[in-house]
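Novice: what shape does this take:
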Amino acid sequence: MPIIPGETLLFFDEIQSCIPAISSLRFFYENYPELHLVAAGSLLEFALQELQSFGVGRISSMFIYPFSFEEFLKASNAELLNQAIRNANPENPLNEAVHNKALEYYRKFLLLGGDAGHCLFIHFR
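Specialist: A predicted model of the protein is given here:
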C-alpha cells in the first residue's frame with residue numbers, strides 16, 4: 001500500500017509485545033515526520049517503564065477506554081435500537097425481531113473488541 005505523506009496513518013497495535021519496535025518509533029519521527037503514527041497497547045505503560053528514555057518532550061499519551069455497548073450502538077447509527085433496549089423491561093421485553101437485531105449488533109461489538117479493557121495511546125507531536 002502506498003504511503004502518502006501527510007495522509008497515511010501507520011497504526012501499531014499491542015506494540016508492548018515488541019520493545020525494539022517501541023524504541024524505533026523515534027526514528028519515524030526524525031526521518032519521516034510527515035507520516036502520522038500511532039502506537040497502542042493494553043499493557044503499554046508497563047513496557048514503557050522498561051525503557052531508559054522514550055521521546056521526552058515529543059510524545060503525547062492518553063488512556064483510551066472502550067465503547068460501552070450503548071456507545072457502540074450510537075456510533076453505528078442504531079439509535080432506535082438503543083432506545084428500544086433502554087425502554088425494555090421484564091413487563092415490556094423486546095420483541096423477537098428487535099431482540100435478534102440487538103444480538104447481531106452485540107456479536108459485532110464483541111468481535112470488534114468491545115468492552116475489552118483500556119489501552120495507552122501514544123503519538124509524536
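
Novice: next one: Phe67 from Ala21, what distance?
Specialist: Plainly put, Phe67 is 27 Å away from Ala21 if you go by CB to CB, to the nearest Å. Using the backbone N, CA and C atoms, a C-beta is placed for each residue, glycine as well.

Novice: more neighbours, these two?
Specialist: Phe67 (16 against 13; other CB atoms under 10 Å).

Novice: any idea how far Thr8 is from that one?
Specialist: 25 Å.

Novice: and for Asn82?
Specialist: Separation of Asn82 from Thr8 (CB to CB): 34 Å.

Novice: burial measure for Ile22, as a count.
Specialist: 22.

Novice: ok, Ala102 next?
Specialist: 19.

Novice: so what touches the host helix or strand of it?
Specialist: Element membership for Ala102, per DSSP states H and E: helix 96-111. With CB atoms under 8 Å, 6 or more residues apart in numbering as the test, helix 96-111 has contacts from Phe67, Phe69, Phe72, Leu73, Ser76, Ala78, Leu81, Ala84, Ile85, Pro93, Leu94, Asp115.

Novice: among those residues, name the buried ones.
Specialist: Phe67, Phe69, Phe72, Leu73, Ala78, Leu81, Ala84, Ile85, Leu94 (16 or more other CB atoms under 10 Å).

Novice: of the residues you listed, the lowest pLDDT goes to which?
Specialist: In terms of pLDDT, Phe67 ranks lowest among the buried ones among the contacts of helix 96-111, with 80.

Novice: doesn't Ala75 make contact with it?
Specialist: Yes. Counting by CB atoms under 8 Å, Phe67 does reach Ala75; the two are 6.6 Å apart.

Novice: quick one, what contacts Leu94?
Specialist: Ala84, Ile85, Ala88, Ala102.

Novice: let's see it at 6 Å
Specialist: Residues near Leu94 by CB atoms under 6 Å, 6 or more residues apart in numbering: Ala88.
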